[in-house]
Every structure is written in structure tokens, then in C-alpha cells.
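> Dropping a prediction and its sequence here:
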Amino acid sequence: MEKAKSKLNIIICGAPGCGKGTQSDLLLQKYRLIHLSTGDILRNEIEAKTDNGIIAEKLISKGEFVPDSMIVKILSKRIVEKPATCNGIILDGFPRTLSQAEALEALMTSLGKKTTILIDLVVEKEELISRLVKRGETSGRSDDNLETIKKRLEVYEIKTAPVSDFYKKLNKYAPINGMGTVEEIFSRITDVIDSIESNEVNLNEKVNACC
């Protein structure tokens, strides 16, 4: 396990089925980060049948996003409560809208912190659908049926495009080729993160080289 040279606050995003969870698990081990997954948090709320969970379940089952205010409130608490011994956080599945991105940056500023980079896992649409259909067959998740999958991908494309533009303007956006083996994708991601830490190359140059 390697120790990060500095605090890292990484956002990992990508369409449903792109492999965010898998790559997040690898990143948190390598850099000693705390994994904050909106998907996991919301599923816990749903299983506990909280007020937020009941609302979230209805929206998710239709392929829609839960309200920004709900996500921001839940994650704000988690970020503040993270252990002091960790090297930072990795946000999985958040922010998904421009308002969430703006809220996150405002929160980090208020805490005297900064986001390091937004990693965007780019996977072909046909591959995403194939992965999600297979996942639905084995997991039994109600939101992994073909009709809902297509709706989720459409909603994702519409609502998250402004998030990419937002972080591009901050020079904190890195699209990563999400096709290939888990190891290949992880290597592409860590190559970008390590170059940022060491200041060896310009981010835009490194991204172009990766993709």
C-alpha cells in the first residue's frame, strides 16, 4: 500500500456500468482514501426505509435522479466526519449535476479543502448496456432492466454534460478510456493522479496521452 504525497480529493464519474465502483475500491487502497459512494449511501437509506430512502427508491426505479438537496446534505455530513488519518476522499457518483458540482466546490472551500481532479470513465454506450443487463440478471436490481437502463443513460448524458464543462474550466477534468481490463483502466487513472502529485506534466498533456 502506497502513501499519497499530499491530500487527494478525487471525483470519479461516468455513466452507469462504467466501473466506477471497481476503480474506486482500487484507488482507495492505493492512496488510503475514504470511499463515498452516493449509490451505496442511497441503497442504505432505502434498505433502512428512511424518509429519504422511500423517496429515492421511487425515483431510482424510474431511472431518475434524487433531489440535489438530499445528496448534498448526506455527503456534506460524510465529508466532515471522515477520519483524520485518511489521505482524502474519493467521491463516486457525485456530483452528477451542475448544481451539485457548485455545491461541492462551495462545501470544500468552506472546509479549507480543494478537489484534486474529476476522473471521467468513458465507455461506449453499447458496452454499458451490455454490462448493466448482465448485472441485472445476476443482482436482481430493479433498476437494471433494459428500458430503465436506456432511460438512465439518457438522463445521465443530459444532466452530467455541464459537470464536465464545469471542471474543464477549473482544469480539473480528466477523461479516461474505460474500455479494457480492470488493470489497464486502473493504470491509466493512476498515471494521471501520480503526474498531478509530482507535477511532472501538464494535466491536459497527460490526458491527451492517455486517451
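Now that the structure is in, tell me what you want to look at.

> what's around residue 94, how many residues?
24 (other CB atoms under 10 Å). For every residue, glycine as well, the C-beta is placed using N, CA and C.

> separation between it and residue 13?
In this view, residue 94 and residue 13 are 8 Å apart by CB to CB, to the nearest Å.

> Quick one: list the elements packing against the longest helix along the chain.
What stands out as the longest helix in the chain, according to DSSP state H, is helix 146-169. Helix 146-169 sits against strand 8-14, helix 98-110, strand 117-122, helix 125-139, strand 173-177, with contacts defined as 3 or more CB pairs under 8 Å, 6 or more residues apart in numbering; DSSP states H and E.

> Sort out which residues of the fourth one are buried, please.
Okay, so that is helix 125-139. For helix 125-139, a neighbour-count test (16 or more other CB atoms under 10 Å) marks 128-129, 131-132, 136 as buried.

> List the buried residues for the longest helix of the chain?
Residues 148-149, 152-153, 155-156, 159-160, 163-164, 166-167 are the ones in helix 146-169 that count as buried (16+ other CB under 10 Å).

> Ok, stretch 104-122 next?
For stretch 104-122, a neighbour-count test (16+ other CB under 10 Å) marks 104-105, 107, 115-121 as buried.

> Straight-line length of that stretch, end to end?
End-to-end distance for stretch 104-122, by CA to CA, to the nearest Å: 22 Å.

> just stretch 53-72 next, same as before
End to end - CA to CA - stretch 53-72 spans 15 Å.

> just to revisit the earlier point, contacts made by the longest helix of the chain with the rest, please.
For helix 146-169, contacts defined as CB atoms under 8 Å, 6 or more residues apart in numbering pick out 11, 13, 15-17, 61-65, 95-98, 100-102, 118, 120, 125, 128-129, 132-133, 136, 142-143, 173, 175.

> Show me how to select, in PyMOL, the buried members of these.
If you want just the buried ones from the contacts of helix 146-169 in PyMOL, going by 16+ other CB under 10 Å, the selection is:
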select buried, resi 11+13+15+16+17+63+65+95+96+97+98+100+101+102+118+120+128+129+132+136+143+173+175
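
> What part of the chain, helix or strand, is modelled with the least confidence?
Taking mean pLDDT, DSSP states H and E as the measure, the chain has helix 203-210 as its least confident helix or strand, at a mean of 48.

> In which helix or strand does residue 35 reside?
In this structure, residue 35 sits in strand 34-37 according to DSSP states H and E.

> Now do that strand: distance to the chain's middle.
9 Å (CA atoms, centre = their mean, to the nearest Å).
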